[in-house]
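In: my questions are about this predicted structure, shown below with the sequence.
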Amino acid sequence: MTKEKLIKTLQRLLDTDNNLNFLLKLEASELETLIACLREKIDYK
């Protein structure tokens, strides 16, 4: 998955329209880890 798609996934998970393009500095694997952590936290509620 591209970094852009990963960031779109993060925006959807966070339910935000804020510009998260600063996350492009991260590696794709780091973005995937961030998404996994967010999903775990959201599912934990």
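Out: Nice, thanks for sending it over. Just so it is clear, the structure is predicted and the values come from calculations on it, not from any experiment. Numbers count the residues shown, from 1 in each chain.

In: run through who's touching the top helix by length along the chain.
Out: Criterion DSSP state H: the longest helix present in the chain is helix 28-44. Helix 28-44 has contacts (CB atoms under 8 Å, 6 or more residues apart in numbering) with 1-3, 6-7, 9-10, 13-14, 23, 26. In short, each C-beta sits where N, CA and C put it, glycine included.

In: in ChimeraX, how would I select the buried members of those?
Out: Of those, the buried ones go into a single ChimeraX selection, burial set by 16 or more other CB atoms under 10 Å:
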select :3,6,7,9,10
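
In: export the contacts of helix 28-44 to a markdown table and tack on pLDDT and distance to residue 34?
Out: Output for the contacts of helix 28-44, formatted as a markdown table (pLDDT from 0 to 100; distance: CB to CB, whole Å):
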| residue | pLDDT | distance to residue 34 |
| --- | --- | --- |
| 1 | 87 | 13 |
| 2 | 95 | 15 |
| 3 | 96 | 11 |
| 6 | 95 | 8 |
| 7 | 95 | 10 |
| 9 | 94 | 10 |
| 10 | 95 | 7 |
| 13 | 91 | 9 |
| 14 | 92 | 10 |
| 23 | 96 | 8 |
| 26 | 97 | 7 |
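
In: helices - which of the contacts of helix 28-44 land there?
Out: Going by DSSP H, the helices hold 3, 6-7, 9-10, 13-14 from these.

In: got the angle for the longest helix of the chain vs helix 3-14?
Out: 20 degrees (axes from the mean of the first three to the mean of the last three CA atoms, to 10 degrees).
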